[in-house]
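Novice: build me a model from this:
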Amino acid sequence: MSACAPPHAQHPHPPHDPAPTRRRFPVAGADLSAAVAVFLIALPLSLGIALATGAPLQAGLVAAAVGGIVVGRLGGCPLQVSGPAAGLTVVTADLIHRYGWRVTCGITVLAGLAQLGLGCLRVARGALAVSPAVVHGMLAGIGITIAVAQLHIVLGGSPDSSVLANLRALPAQLADLHPAAVSMSALTLALLLAWPRLPGRAGRLLRRVPAALVAVTGAAATAALTGLSLPRVELPSWHSHALAGLPEGPALGLVAAVLTTTLVCSVQSLLGAVAVDKLVAARTGPQSRIGRSDLDRELLGQGAANIVSGALGGLPIAGVAVRSTANVNSGAVSRNSTMVHGVLVVVAALLMVPVLEEIPLASLAALVMAVGIQMVSLHHIRTVTRHREVPVYAATTLGVVALGVLQGVFLGVAVAVAVALHRLARTRITHHEQEGVHHVRVRGQLTFLAVPRLSRTLHLVPQGAHAIVELDGSFMDHAAYESLQDWRSSHTARGGTAELAGRRDGIRTAEQAPATECRCRPWTPWRNHQACFAAAPAARAGQGAGRELARGISSFQRNTAPLVREELARLAREGQRPSQLFLTCADSRLVTSMITASGPGDLFVVRNVGNLVPPPGEEHGDDSVAAAIEYAVDVLGVRSITVCGHSGCGAMQALLTTGGGQGDTPLQRWLRHGLPSLARTAGDHPERPRLAGREPADTVELLCLTNVVQQLAHLRAHGPVARALAEGTLELHGMYFHVGEAQAYLLAGTEEGAVFEDVAGGIGGGEEAHEGVGVTSRG
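Specialist: Below is the predicted model of the structure:
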């Protein structure tokens, strides 16, 4: 069969969809409800993106309908929703400005053909090789460009095609405000921000309606009731709708335009498909049986959709994060939800024209401006900072803003390559003598470029001396390996001794480890280390534990201490500056540094039985917890406090078993601080804490989850915490660790509707923040 055969021909029964079952109605109820939710989000955003590009507003509806129906039917990611995406706004606006609308549609068709070709070549996985810093920087640059341009419409003016021109014209625009446009924009933004934060039971019900729909509807209704005179949506008759035209213009410019459109559409869609896979994998029950995406098929589906959309006069199409997230979270179980959403867009475009024409353009501009601002993701900035890729991110962002999307991406890739080469070539080689032992330390990648410096440093070791060569990097090539071994052979032949420590490029460079060296992972329990140690004489009763501790300390000194000594020395000089207070149970199965991937100086940890926080001033209170809280907040200035519970907590089991009896042992007195959690569990609370995708497995797990929420309430009653929360300098987080699954969950929502969400869920990049996708609970 040809590689370019239609996707459905290659997969008569695609593995991504659940096994077909006979139904009276072809669309499952879950798919239908998910389709309605996605439609309500897609309708205003499609119009807003069309407005931002300068295209006819019908083009946004055409792209939304085609993306839903065509990609939904042919794509390789059944639950990803495609349509006009904010990430394509800048590219499309530039094409329209240069070539006009009809030629832009022709370019969209050619980009679709290019995507079909790439799909046939099965190169979709190659798009994932692009540095995330480049992708996030591209989205941030596009977001800045969108926000600056739409700000002019929000203020009642019209934007220029250049970001720099828009910035220069901003002072004049601010001096010439249009009150009607500004008021409708302000109302739209206020509803966008306030709607996801509505409190109480009524708020939970109202929040099911997308904030974007509420904001646009509210602005349209207010404008109609007050009789404000301001530009509104205009949808000319479909009889006059412009279709694609033949591309005209310089050949090189057209090729660059097709390449840019293909690149942005493909990368955004493929990364979105991978993110949707993560969301689906986090679900439990039958909904989680959908297989992983076929990225090559997804690329073919996106290409077919762009051909159809361009030919029908629609915007370019890509996978859209916010709609895909809504689709998965609404419980969609097959591609039918995406297709039904496309059909609903068609119905709206044909039958709801009078209603849509009541929407103020300023309201749509405010909506798209908010999406653009949220594309500059603080989470992505923190991520690239942690991975030391800020130069790549900044270069891509500034390049997109100042030069254009394609030029900015090329600039970002060039900087990423330069950074990688710099890291590969940057090697620090030092030599020092300590107590008669010569230490040669190599930090960084050891390649042929560093061989001359390595040779000079090694020859500083006198003949007959004892030398230790410490390799602290992740790669060593063959030239460096041979140079090191040649020196070692020569040095030992002249009466010296040499030890090589470290594993580089998969080759153990030290001598074969003696039988007494423990090769277990640092998190392996002691009982699993027994095979790593030589047999020891039988110990008297009670001495085994002490011997295990001594062996563990010895293993640390031998294997780990050399790697962390420099960092600990820095912390010893500078003092501790943790940003987090982590309060958790004393259970031996909870290794805080392991489950948070933290290191020395990151967490200020407080542990006790049951991760309890006694309320201030309570009888039989415990000042040690309060003192730790005061020290962390007032002295160390931590910015976050996390209360972490866990599955199978013995303290919670004891509370359930004894009911918090009035015993007078120290343990019984301590467990009384958990009685509010027990009462909260037994009380009439319709919205009890739960894990995302499932209810608590039993009463113990319910109490463990409830206890986290209750202890957060106790935390807020402490004076230092209350003051820091009021000043906005502190956040509170709830966390639950399922020991058996090695899975961490973070608290999302309010105390009344607490949901612990899988940390791996969520889609990165752009529009998802608009819908409030997140996993932390702000105090």
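
Novice: hey, let's count contacts and neighbours off CA atoms from now on
Specialist: Noted.

Novice: what's the burial count for residue 423?
Specialist: Counted with other C-alpha atoms under 10 Å, the neighbours of residue 423 add up to 12.

Novice: and what of residue 459?
Specialist: 11.

Novice: show me the strands in the stretch 251-400 of the chain, by range?
Specialist: Taking DSSP state E, counting those that start in this stretch to define them, one finds strands in the stretch 251-400 of the chain at 318-319.

Novice: flag the shaky bits of it, pLDDT-wise.
Specialist: For the stretch 251-400 of the chain, the stretches flagged by pLDDT under 70 are 282-289.

Novice: any idea how far residue 259 is from residue 100?
Specialist: Distance, residue 100 to residue 259, by C-alpha to C-alpha, to the nearest Å: 18 Å.

Novice: typo on my end, residue 722
Specialist: Residue 722 sits 54 Å away from residue 259, taking C-alpha to C-alpha as the criterion.

Novice: which one of those two has more residues nearby?
Specialist: residue 259 (18 against 15).

Novice: just checking, the more buried one touches residue 111?
Specialist: Yes - Residue 259 is within contact range of residue 111, at 7.1 Å (criterion: C-alpha atoms under 8 Å).

Novice: who are the contact partners of residue 645?
Specialist: If you count contacts by C-alpha atoms under 8 Å, 6 or more residues apart in numbering, residue 645 has them with 584-585, 610-611, 704-705, 707-708, 735-737.

Novice: list the beta-bridge partners for it.
Specialist: Residues in a beta bridge with residue 645, per DSSP bridges, are residue 736.

Novice: same for the strand or helix carrying residue 142, what does it pack against?
Specialist: Using DSSP states H and E, residue 142 sits in helix 132-154. Using 3 or more C-alpha pairs under 8 Å, 6 or more residues apart in numbering; DSSP states H and E, the elements in contact with helix 132-154 are helix 29-53, helix 89-99, helix 163-175, helix 179-194, helix 361-374, helix 390-402, helix 405-425.

Novice: now residue 731: phi and psi?
Specialist: Note on residue 731: its backbone torsions stand at phi -120, psi 150 [degrees, to the nearest 10].

Novice: what's the angle from the helix holding residue 142 to helix 179-194?
Specialist: Counting by axes from the mean of the first three to the mean of the last three C-alpha atoms, to 10 degrees, helix 132-154 points 140 degrees away from the direction of helix 179-194.

Novice: wait, doesn't residue 426 sit right on residue 448?
Specialist: No - counting by C-alpha under 8 Å, residue 426 does not reach residue 448; the two are 11.6 Å apart.

Novice: picking up where we left off before, which of the contacts of residue 645 lies closest to residue 375?
Specialist: residue 735 (26.8 Å; C-alpha to C-alpha).

Novice: give me the distance between that closest one and residue 692.
Specialist: Distance of residue 735 to residue 692, computed by C-alpha to C-alpha: 13 Å.

Novice: so between these two, which is more surrounded?
Specialist: When neighbours are counted by other C-alpha under 10 Å, residue 735 comes out ahead of the other of residue 735 and residue 692, with 26 against 21.

Novice: how far away is that one from residue 654?
Specialist: Counting by C-alpha to C-alpha, the gap from residue 735 to residue 654 is 21 Å.

Novice: show me where the stretch 601-750 of the chain dips below the pLDDT cut-off.
Specialist: 619-621, 660-662, 683-687, 749-750.

Novice: show me where it has helices.
Specialist: Using DSSP state H, counting those that start in this stretch, the helices assigned to the stretch 601-750 of the chain run over residues 623-630, 650-658, 666-671, 675-682, 699-717, 719-727.

Novice: what does the stretch 201-350 of the chain give?
Specialist: 211-226, 251-282, 295-311, 321-329, 336-351.

Novice: make a ChimeraX selection of the buried ones in the contacts of residue 645.
Specialist: Those of the contacts of residue 645 that count as buried under 16 or more other C-alpha atoms under 10 Å are selected in ChimeraX with:
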select :584,585,610,611,704,705,707,708,735,736,737
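
Novice: rewinding a little: need the helices and strands packed on helix 132-154 in JSON lines with distance to residue 480, can you?
Specialist: As requested, the helices and strands packed on helix 132-154 are exported to JSON lines (distance: least, C-alpha to C-alpha, whole Å):
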{"stretch": "helix 29-53", "distance to residue 480": "54"}
{"stretch": "helix 89-99", "distance to residue 480": "47"}
{"stretch": "helix 163-175", "distance to residue 480": "49"}
{"stretch": "helix 179-194", "distance to residue 480": "57"}
{"stretch": "helix 361-374", "distance to residue 480": "47"}
{"stretch": "helix 390-402", "distance to residue 480": "29"}
{"stretch": "helix 405-425", "distance to residue 480": "13"}
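
Novice: nearest to residue 646 among those would be which one?
Specialist: helix 29-53 (31.9 Å).

Novice: work out the gap between the closest one and the centre of the chain.
Specialist: 23 Å (C-alpha atoms, centre = their mean, to the nearest Å).
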